[in-house]
Each structure stands twice: as structure tokens, then as C-alpha cells.
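Student: I'd like to go over a predicted model; first the sequence, then the structure.
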Amino acid sequence: MQHFDLAVIGSGSGNSLIDERFSDWNVALIERDPVFGGTCLNRGCIPTKMFVIPADLAASPAEAKRLGVDLRREGSDWRAIRDRIFGRIDAVSAGGLDWRERSENVTVFHGEASFTGPKTLKIGDDEISADQIVIATGSRPRRLDLPGLDEVADLVYTSDDIMRIDKRPQRLVIVGGGYIAAEFAHIFGGLGTDVTLINRSDRLLRSYDREVADQFQHLLSQKVKLRLNQALSSVEREGDGIVVVTTDRNGIEYEYFADGLLLAIGRDRNSDALNLAAAGIETRSAGQIRVDAEHRTSAPGVWAMGDVSSDHLLKHVANAETRTVQHNLLHPDDLQETDYRYVPHAVFSSPQVAAVGATEEQLRQWGVPYVVATQRYADVAYGWALEDEGHFVKLLADPSSWHLLGAHIIGPQASTLIQPLIQAMSFGQRVPDLARGQYWIHPALPEVVENALLGLLAAHQPAELGK
Ligand SMILES: Cc1cc2nc3c(=O)[nH]c(=O)nc-3n(C[C@H](O)[C@H](O)[C@H](O)COP(=O)(O)OP(=O)(O)OC[C@H]3O[C@@H](n4cnc5c(N)ncnc54)[C@H](O)[C@@H]3O)c2cc1C
Ligand SMILES: NC(=O)c1ccc[n+]([C@@H]2O[C@H](COP(=O)([O-])OP(=O)(O)OC[C@H]3O[C@@H](n4cnc5c(N)ncnc54)[C@H](O)[C@@H]3O)[C@@H](O)[C@H]2O)c1
């Protein structure tokens with residue numbers, strides 16, 4: 001049995017963990033997917049955003065028309081877009097694997113890892129042991145058990161495969177109301193597909209501030225067909241290449257005809273294949289590996305990070321957890337914790353949505369006193385230039401400490417505009433200092449954030465400003 005100082009399972013964030021500080025460690029890196037580099041690079045954050053930009057551009061003639069510019073749209077070339085995107089990504093993935101395989105101190109094992117004992121792993125016919133093991137096995141799209149699904153399997157997609165298809169469907173049914181449904185509704189809808197989004201509850205983006213989620217729903221409904229409060233009951237094939245999706249709403253059946261069905265109903269953690277019981281590693285519900293604040297599992301010397309153990313299925317969180325685990329492996333006498341106080345998140349749809357901190361509903365529920373201000377893009381100079389309609393920044397603050405409690409943005413560049421607010425919350429900057437302790441470039445779009453901050457101050461003048 002080969003012995004290693006460190007074994008890392010998963011080549012997403014797991015691969016990033018093994019940096020030059022581990023050059024004198026003998027490391028095993030195990031990946032079961034033929035594709036190297038994990039979700040974010042190959043089938044997650046990066047390719048989706050590379051599709052979002054062409055979708056934004058394809059949708060721009062309608063925007064331009066409002067401003068008096070005639071941009072004739074001649075269509076979009078799905079294969080060219082797809083091949084450009086994956087031409088780049090596949091090369092990065094292959095290059096990453098090649099580089100890793102040439103690393104002197106890292107042995108790459110291709111196969112599925114499972115525990116055979118507390119510090120031992122089996123990968124196919126190989127069995128290895130390691131002093132330290134890091135589980136970074138991520139998550140995968142949740143499947144659905146639905147009558148008829150097997151018969152139309154070639155027309156049913158998840159985020160793992162839909163970006164690689166040869167032909168963009170004319171009609172696409174998307175099931176789900178979260179991040180992935182919202183982003184793919186924009187990608188396909190923007191590029192010209194007739195999209196019907198079916199959600200089982202009456203709300204999209206449920207974890208977002210209600211006002212923002214409602215407005216998102218309203219604006220998205222102008223671009224794709226939204227069908228809410230409908231549960232899938234069956235699917236069947238009709239003719240050649242058509243899937244008929246049947247739903248139920250209050251006992252009434254609805255039928256949708258499409259060339260493809262995208263399931264975007266959440267993700268399952270990749271812990272089931274690991275035989276965790278053999279190593280005494282505990283899970284929480286739904287296979288989420290239980291870790292303490294320092295990312296130690298219940299088995300000594302075994303750590304977990306990223307989607308498989310985190311409460312947040314986000315790459316910037318997996319990256320932060322990777323940094324913590326790196327530090328803790330290298331400094332066992334000075335363990336650190338990951339800071340989850342202000343985890344931001346954004347949906348790259350149309351419109352974009354971004355948020356950090358509490359929603360107004362949460363503050364009400366927790367009985368936390370707050371002031372709130374909402375600033376429309378349409379009422380700042382750059383918003384005039386955009387002829388903006390319907391987008392806003394909503395801020396929540398503690399009227400005694402003047403710290404921000406939550407920030408929510410819906411509109412162009414939301415994921416960028418939110419960064420100074422994340423910074424303010426992370427470093428404890430107060431609203432008056434943030435609003436007036438720096439210049440805000442005129443007439444740039446961040447003035448919408450500045451004005452929202454001023455709106456908070458106008459709502460309740462803090463004592464020291466009144467002096
Ligand atoms: C469509 C989509 C879009 C996304 N967009 C964003 C975004 O815009 N911003 C953002 O922050 N996040 C986004 N995410 C989430 C982000 O991709 C994940 O949070 C992140 O990639 C998780 O990283 P990880 O290292 O935990 O897991 P992964 O990157 O999934 O890596 C886990 C690896 O482990 C391997 N593996 C699993 N089990 C085993 C085993 N038993 N043996 C060997 N290998 C195994 C897997 O094959 C995989 O390669 C998106 C996700 C999706 C699906
Ligand atoms: N921009 C980003 O940061 C980004 C983008 C994509 C994905 N992600 C990450 O990936 C995760 C997974 O995304 P997702 O959109 O699949 O999950 P999600 O948790 O965001 O949304 C899942 C949706 O599916 C619905 N649903 C669940 N089970 C269902 C069923 N049986 N039938 C019908 N509907 C059902 C839920 O009500 C919900 O609307 C997200 O939580 C997010 O953390 C992030």
C-alpha cells in the first residue's frame with residue numbers, strides 16, 4: 001500500500017489546495033471524472049458566465065431600440081459560441097491535468113475514491129494510506145424520479161450537459177426556481193429559445209429579499225414564460241425529438257411541448273460513494289459532511305471543504321474554505337476558522353441580482369431594529385443615461401451603530417456594484433463614513449449605491465451628524 005503525507009479527493013478546489021507550500025509533502029490527488037478541474041471550471045460558474053455575455057449581447061437590440069439605436073439582430077450561432085467557450089475551458093482543464101501529472105510531489109489517481117478504514121482509501125485496484133485526507137468531492141445536479149423520464153432521457157438535461165449540446169433547442173422547458181434555472185432562462189431566452197420556466201412554488205429566488213425576488217420575477221416574466229405553483233407529474237415523448245411535460249396545479253393538468261427539458265432543482269452532495277462509515281466520518285442531513293469550524297470531520301486527520309460540507313454552494317466560499325484548510329494543514333498548532341459573516345451571492349440572469357447580509361424579512365423575524373432605503377437606478381444620472389426601468393438598490397442598516405445589516409441590488413452590474421457594501425460590512429465601516437468619507441465618481445453608476453446610503457441617513461439622522 002502506497003503511503004502519502006496528504007491525500008486530496010476531488011480536483012476542483014482540492015486541486016487548488018495543493019500549492020507550492022506543499023512542495024515537500026508527498027501528495028495523492030484523486031479524481032473520478034475524466035475531466036479535470038471540477039464543477040466551476042468545467043460545468044459551473046465559468047462556462048455559464050461565458051454564455052451569459054453572448055445572451056446579454058443578443059438581448060441588446062431591444063434595449064438599444066429604447067435609446068434610439070437600431071441594432072439589427074441577425075441571430076446567434078450556438079455551435080460557434082459553444083466551441084469558443086469550451087475550446088478555452090477544455091484546454092485549461094487538460095493543461096491543468098498535464099501540469100499536475102508532471103508535478104514531482106503529486107501523484108494523480110484517476111478513479112473513484114472510497115474509504116476502507118480511518119486513513120485508507122481504495123481507488124479501483126489501488127489502496128493508499130495518508131496521514132491527512134481532504135475531502136473536496138463537491139456536489140452534482142439532483143435527479144428526479146418521474147414517470148416517463150427514462151423514455152425521454154436524450155431530451156432531458158442538467159447544468160452538467162446542456163452547455164455542450166449540438167443544437168440550441170427551439171423550445172426549452174426549465175424546471176426549478178433557483179440560481180441555475182434563472183441563469184439558464186436568460187442564457188437560452190436571450191439567445192432566442194422559447195423558454196418556459198416551471199416552478200413548484202409561487203416564488204423564484206426564494207432566499208433573496210422579497211422585494212427583490214418579486215421584482216426579479218416580474219422582469220423575467222417579460223422575457224420568458226413563467227408557470228408557477230405547478231408540480232411536474234410526468235413526461236413523455238411525442239414524435240421525433242419532442243418532450244411533453246405534464247404538470248399539475250390544484251388538480252388541473254397542463255401540458256408543455258418542448259425540444260428539451262432542463263432540470264435545475266438543486267444539487268446533491270458527493271458523499272455517497274465515499275463509504276464514510278468505514279472511516280467514522282459523520283454526515284448531517286442530505287449527505288452533507290459534518291465539519292467543525294476548522295473544517296475537521298469527526299475522523300481525526302480527515303478534513304472536508306467546498307460543496308460536500310459547506311452550507312454555501314458557492315465557489316468564492318469553497319475558495320475561502322480552501323485557504324483555511326491549507327493554513328490548518330500547514331499550521332496544526334494555530335488552527336483558523338472560515339469567516340462566514342458576510343457571504344455575498346449573485347445571480348447572473350437578466351436582470352442581475354446580488355446580495356449580502358440579512359433580508360428585510362429576516363430582520364423582521366429576528367426582531368432586529370433597522371432602517372431601510374431604496375434607491376432606483378432611474379433616479380441617478382447614469383440611470384438616466386441607461387433610461388433604466390425597474391432596477392434598484394435596497395439597503396438595511398442598524399440605526400444605532402450605523403452598520404449595514406443587508407444590501408440587495410437588482411439591475412445592471414449588480415454583482416459588481418455590491419462589492420463596496422461587502423467591504424463595508426466585512427470591515428465594520430459605518431454608513432456615514434461610507435457615504436461621505438470618500439468620493440463617488442460622478443456620474444458613474446455607483447452613485448446609485450451612494451444615494452441609497454444617503455437615503456438611509458435621511459431616513460434617520462444619526463446623532464453625531466446632527467451635532
Ligand atoms: C451551473 C452552475 C453555475 C455556478 N455558478 C456559480 C457562480 O457564478 N458563482 C459561484 O460562486 N458558484 C457557482 N456555482 C457553484 C460552484 O461551481 C461550486 O460551489 C464549486 O465549484 C464547488 O467546488 P468544490 O471544489 O467543492 O467541488 P467540485 O468543483 O465539484 O469538485 C469536486 C470534484 O470531486 C470529484 N469527485 C467526487 N466524488 C469523488 C470520489 N469519490 N472520488 C474521486 N473524485 C470525486 C468530482 O468529479 C469533482 O471533479 C455554480 C454551479 C453550477 C452547477
Ligand atoms: N451565480 C451563482 O452563484 C450560482 C449559479 C448557479 C448555481 N449556484 C449554486 O448551485 C446551487 C444549485 O443551484 P440550483 O438552481 O440547482 O438550486 P437552488 O437551490 O438555487 O434552487 C432549486 C430550485 O428547485 C426547486 N425544486 C427542488 N426540488 C424540486 C422538485 N422536485 N420539483 C420541482 N422543483 C424543485 C426549488 O424549489 C428551487 O426553486 C445553488 O444553491 C447555488 O449555490 C450558484
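Tutor: Arrived safely. Numbering: from 1, shown residues only. Ligands and ions are numbered 1, 2, ... in the order given.

Student: residues of stretch 97-113 that come out buried?
Tutor: Buried positions in stretch 97-113, judged by neighbour count with 16 or more other Cβ atoms under 10 Å: 97, 100, 106-110, 112-113. C-betas here are computed from N, CA, C, even on glycine.

Student: list the strands paired with the top strand by length along the chain, with their directions.
Tutor: What stands out as the longest strand in the chain, according to DSSP state E, is strand 126-135. Note on strand 126-135: by DSSP bridges, its sheet partners are strand 2-9 (parallel), strand 120-123 (antiparallel), strand 302-304 (parallel).

Student: only alpha carbons, please: show the first one as CSV.
Tutor: Think strand 2-9. Output of strand 2-9 as CSV, limited to C-alpha atoms (Å, rounded to 0.1, in the frame of the first residue of the first chain):
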residue,chain,number,x,y,z
GLN,A,2,1.4,3.4,-1.0
HIS,A,3,1.6,5.9,1.8
PHE,A,4,1.2,9.7,1.4
ASP,A,5,1.6,12.7,3.7
LEU,A,6,-1.7,14.1,2.2
ALA,A,7,-4.5,12.6,0.0
VAL,A,8,-6.9,15.1,-1.6
ILE,A,9,-10.2,13.7,-3.1
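
Student: so what's T193 closest to, chain neighbours aside?
Tutor: Sequence neighbours aside, L172 is the residue nearest to T193 in space, at 5.0 Å (criterion: Cβ to Cβ, 6 or more residues apart in numbering).

Student: where's the one you found relative to ligand 2, distance?
Tutor: As judged by Cβ to the nearest ligand atom, to the nearest Å, L172 and ligand 2 stand 15 Å apart.

Student: after the regular element (helix or strand) spanning that residue, which helix or strand is next?
Tutor: With elements taken from DSSP states H and E, the one containing L172 is strand 171-175. Going down the chain from strand 171-175, the next helix or strand is helix 179-191, by DSSP H and E.

Student: contacts for the longest strand of the chain, please.
Tutor: Contacts of strand 126-135 with the rest of the structure, by Cβ atoms under 8 Å, 6 or more residues apart in numbering, involve 1-10, 14, 17, 28, 109, 111, 116, 119-121, 271, 274, 281, 289, 297, 301-305, 308-309, 325, 329.

Student: packing partners for the strand holding L172?
Tutor: If you count contacts as 3 or more Cβ pairs under 8 Å, 6 or more residues apart in numbering; DSSP states H and E, strand 171-175 packs onto helix 179-191, strand 194-198, strand 242-249, strand 252-258, strand 260-263.

Student: between those, which one is nearest to H403?
Tutor: Nearest of these to H403, taken as Cβ to Cβ: helix 179-191 at 27.7 Å.

Student: the closest one and ligand 2, are they touching?
Tutor: Yes. Against ligand 2, helix 179-191 shows contacts by Cβ under 6 Å from any ligand atom at 179-181, 183.
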